[in-house]
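> Build me a model:
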Amino acid sequence: MNQTAQILFPVNVPTAFDYAVPAGLSVSRGDFVYAPIGKQMKLGVIWSVGAAQTDKKLKEIVDVKATRPLSPDMLDFVDWTARYNGASPGNVLRMVIRNYKALDPSAIVTLYKPSGETPKNLTPSRAAVLREGGPWPARASEAAARAGVSSGVVKGLVKAGGLIAKEGPVDPPFDRPDPDHPGRDLTAGQDEAAQDLVAQVQAGAFNVSLLDGVTGSGKTEVYFEAVAEALRRGQQCLILVPEIALTQAGLRRFKERFGAEPASWHSQMGEAARRRVWREVAQGRCKLVVGARSALYLPFPNLGLIVVDEEHDTSYKQEEGVIYNARDMSVVRGHLSGHSVILASATPSLESLHNARTGKFAHIILPERPGAAVLPDIALVDLKDNIPEKGKFLSQPLLDAVAEVTSRGEQALLYLNRRGYAPLIICRNCGEKLKSPDTDSWLVQHKRTGRAMCHLTGFSMRMPRECPNCKAEDSLTSVGPGVERIAEEAQEAFPDARVEILSSDTAGNPAELAERMRRMEQGEIDILVGTQMVVKGHNFPRLTFVGVVDGDLGLAGGDPRAGERTYQTLVQVAGRAGRADKPGHALIQTHQPEHEALQALAAGDREMFISVELAMREMLGLPPFGKLAAVIFWGPDPKKVDALAKKFLSAAPRADGIDILGPSEAPIGRLRGLYRRRLFIQAESGVNLSKYMSIWRQKVRPPTKYKIQIDIDPQSFM
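Residues are numbered from 1 along each chain as shown. Below you'll find the model as predicted:
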């Protein structure tokens, strides 16, 4: 009987397709192959191999790619991700196969590097190459471009003795991390926690640990020891971090510990860098990767440890395309591959805390900062009693605290998670609020660039001089503060202070961001006004005061996780203060000082907040005591979107333990020109909600240009 193979293609397909294996061709599960699909020849992956079950004539596989196949656990992970999240397996596979060129060996080219000798005939052009042509080794064209000369000058330096030419790969291998490279000395508490994590790695089986330590307690140094143990065992390690934390300063800590910089993976990488990382990971040569959420779908053949740093962070949730939570999928990846997973946070998610307290995860606690550093004192400023001056947003207690620390030569941080100058632009004449032309979101004024922007879609236009609605000139006014406005107010209050802004709008390129971080670390900035960018892994020794401009910002709306997120964010922000030998303190401006999240912060009583929040979740059947899913309907005609949502609702399978809410218009009812409606599904903890949603989804086929999107365990309620 002829052999058949089932091939999954990295396109939007729900299943693998049957193909005949021609005589003389050997294929195995995980092989990359070429086969015809429609009128095209496409690259796919062998999902399974078996004997032909039908007399139907099948198309044949054309060729097998001479590269390492995907591992069985990687294939299982693709299937699991698709099944759990209601995605097509082909779309998940597309997340894995990032760059087809990475399947081929690196091209061999001539590379140049300095010989260490100074050539006798050192012309200005040659001197420029030696001075500016690096980093070495480099191709002639690369070195020439950096030095502003022709490639001939670079090649001429070889004859002159200034450069050495050698054949080598365009994509060189990464330096191997040394697990025994000396790291920082650990305190007794840190060493005990590190040994617990090392033991989990040594067990050589699936396990999950929650590393729960206050801000500044040394969680990174502790989990480094588990990474070192996995490296000693010859395994690969993946450390997931929020993308915003992938800075050179952050990567430098890895180099200090392991003597080599890790491979990094994030959305800003160029294609050449992606190709290099993918190939080296797939071949098992790259041992240490630090990356954002999508790094989880790199094809590791010998993964021994995943660390999810800041595991509570909402950026681990992918909201478009294949919707998934990288934290949860990391646990699944560990289970399928049989290795350790470490979830690390100063403010763990309630789901992870619940799993640790019920014994599903090991709970490893770091309760204090090392050395002289202590947690900052946190107090609330009731804005009903401490009203800022008219047109201002900083209360007198905040201004007094900034004045005190800056007079001592220390630094202050003013935190507001709003980019730009003002979050709302309104016409004083007719009341019109400026919105994006294709999205129901307000435009944000950016005074620094003179533009109005939509932060959801990226739409941008110059600030108009007249109202688009009533045409009244000079009638547009800014409402509310963004970081630009707070920086302006701080500079006005402290004219001699060095005030700078740190947000994704002002960060610039990685080199500019690194330079700003250096200035802050060296005390060359007195007052830093920042968004959530300042929360992610930065350590400023001279920072002793944090002022939160709007502690209520995350509490509005119908998000059931609003209190948890507010608590987490403000703990992380306040934790920036007093991380060295000087004590720090934080003030949080709020109109709701009675809110349990803010009360717990001020009291320094995390347990109080956790117990109140968990009791509320249990009463309402919310995660971790129940399950949630959302269905989002998209389309160009609002009436047809409504009809699609109602049709979908009418097709809901009957089942116990399921409640369905909606459909209703989403808070952002129109996005990028498409209208949106939502359903929410709440299920008891014992219900297989993914399977229920899959059965339901198959009952309704949306018309062309309309989309039904399933979101298991939604994190955004936009």
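> Buried residues, the helix or strand of the chain with the lowest mean pLDDT. List them.
Lowest on mean pLDDT, DSSP states H and E among the helices and strands of the chain sits helix 510-521, with a mean of 79. Across helix 510-521, burial judged by 16 or more other Cβ atoms under 10 Å covers 513-514, 516-517, 520-521. No exception for glycine: its C-beta is placed from N, CA and C like everyone else's.
> give me the number of residues near residue 604?
12 (other Cβ atoms under 10 Å).
> Next, count neighbours for the nearest residue to it once chain neighbours are set aside.
In space, residue 604 comes closest to residue 378 once its chain neighbours are excluded; the distance is 6.8 Å by Cβ to Cβ, 6 or more residues apart in numbering. Neighbour count of residue 378, defined by other Cβ under 10 Å: 24.
> Confirm that residue 165 sits in a strand.
Yes. With DSSP: H, G, I helix; E, B strand; the rest coil as the criterion, residue 165 is part of a strand.
> what bridges to it?
residue 112 (DSSP bridges).
> what about the strands in the stretch 101-250 of the chain?
108-114, 163-169, 207-213, 236-240 (DSSP state E, counting those that start in this stretch).
> Quick one: those as TSV, columns for mean pLDDT too.
Listed next are these as TSV, based on pLDDT from 0 to 100:
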stretch	mean pLDDT
strand 108-114	91
strand 163-169	91
strand 207-213	95
strand 236-240	97
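> Residue 180: which of the ones you listed is closest?
Closest approach to residue 180 among the strands of the stretch 101-250 of the chain (Cβ to Cβ): strand 236-240, 14.9 Å.
> partners of that closest one, with directions?
The strands that strand 236-240 pairs with in its sheet are strand 288-291 (parallel), strand 303-309 (parallel) (by DSSP bridges).
> rewinding a little: for the residue nearest to residue 604, pull up the helix or strand it's in.
For residue 378, the host element (DSSP states H and E) is strand 377-382.
> returning to that earlier point: residues in a beta bridge with the residue nearest to residue 604, which ones?
residue 586.
> before we move on, the earlier item: looking at the strands of the stretch 101-250 of the chain, which is closest to residue 681?
strand 207-213 (26.7 Å).
> which intervals of this protein have sub-threshold pLDDT?
Applying pLDDT under 70 to the chain flags residues 1, 51-55, 244-249, 369-375, 507-510, 536-538, 556-558, 578-581.
> With distance to residue 667 as new columns, can the buried residues of helix 510-521 be given to me in TSV?
Converted to TSV, those look like this (distance: Cβ to Cβ, whole Å):
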residue	distance to residue 667
513	32
514	37
516	34
517	35
520	36
521	39
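> For the closest residue in space to residue 646 that isn't next to it in sequence, what is the enclosing helix or strand?
Distances taken as Cβ to Cβ, 6+ apart put residue 663 closest to residue 646, at 6.8 Å, once the chain neighbours are dropped. Using DSSP H and E, residue 663 maps to strand 658-671.
> if I look at residue 696, how far off is residue 660?
10 Å (Cβ to Cβ, to the nearest Å).
> These two: which is more packed in?
Each of residue 696 and residue 660 has its neighbours counted (other Cβ under 10 Å); residue 696 has more, 23 against 15.
> how far does the host helix or strand of that one sit from the chain's center?
For residue 696, the host element (DSSP H and E) is helix 689-697. Mean-position distance between helix 689-697 and its chain equals 27 Å (Cα atoms, centre = their mean, to the nearest Å).
> Pull out the buried residues from it.
Buried, per 16+ other Cβ under 10 Å, within helix 689-697: 689-690, 692-694, 696-697.
> now, the most widely separated pair of those residues?
Pairwise over the buried residues of helix 689-697, using Cβ to Cβ, the maximum falls at 689 and 697, 12.1 Å.
> that older thread, could you spell out the sheet neighbours of the next helix or strand after the helix holding residue 696, each with its direction?
Elements were assigned by DSSP H and E; along the chain past helix 689-697, the next helix or strand is strand 707-712. If you go by DSSP bridges, strand 707-712 pairs up with strand 626-635 (antiparallel).
> got the CA positions of the partner strand in CSV?
In CSV, the C-alpha atoms belonging to strand 626-635 read as follows (Å, rounded to 0.1, in the frame of the first residue of the first chain):
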residue,chain,number,x,y,z
GLY,A,626,-14.5,30.3,36.5
LYS,A,627,-13.8,30.8,32.8
LEU,A,628,-14.4,33.6,30.3
ALA,A,629,-14.5,33.9,26.6
ALA,A,630,-15.4,36.7,24.2
VAL,A,631,-16.7,36.7,20.7
ILE,A,632,-16.0,39.8,18.6
PHE,A,633,-17.9,40.4,15.3
TRP,A,634,-16.3,42.7,12.7
GLY,A,635,-17.7,44.1,9.4
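> how far off strand 658-671 does it point, in degrees?
Strand 626-635 and strand 658-671 are oriented at 40 degrees to each other (axes from the mean of the first three to the mean of the last three Cα atoms, to 10 degrees).
> right, and the helix or strand after strand 626-635?
Using DSSP H and E, the next helix or strand after strand 626-635 towards the C-terminus is helix 638-650.
> in stretch 530-549, what counts as buried?
So, applying 16+ other Cβ under 10 Å, buried residues of stretch 530-549: 530-538, 540-549.
> residue boundaries of the helices in the stretch 351-500 of the chain?
396-407, 483-493 (DSSP state H, counting those that start in this stretch).
> can these go into JSON lines with extra columns for mean neighbour count and distance to residue 444?
Formatted as JSON lines, these follow (neighbours: other Cβ atoms under 10 Å; distance: least, Cβ to Cβ, whole Å):
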{"stretch": "helix 396-407", "mean neighbour count": "17", "distance to residue 444": "23"}
{"stretch": "helix 483-493", "mean neighbour count": "21", "distance to residue 444": "10"}
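> of all the ones you listed, which lies closest to residue 337?
helix 483-493 (42.0 Å).
> what packs against that closest one?
helix 396-407, strand 411-415, strand 499-502, strand 527-530 (3 or more Cβ pairs under 8 Å, 6 or more residues apart in numbering; DSSP states H and E).
> now do 10 Å
The contact analysis (3 or more Cβ pairs under 10 Å, 6 or more residues apart in numbering; DSSP states H and E) places helix 483-493 against helix 396-407, strand 411-415, strand 444-446, strand 499-502, strand 527-530.
> how about these in TSV, adding distance to residue 218?
Below are the helices and strands packed on helix 483-493 laid out as TSV (distance: least, Cβ to Cβ, whole Å):
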stretch	distance to residue 218
helix 396-407	25
strand 411-415	21
strand 444-446	38
strand 499-502	24
strand 527-530	23
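> Out of the ones you listed, the one nearest residue 363 is which?
Each of the helices and strands packed on helix 483-493 has some distance to residue 363 by Cβ to Cβ; the shortest is strand 411-415, at 29.5 Å.
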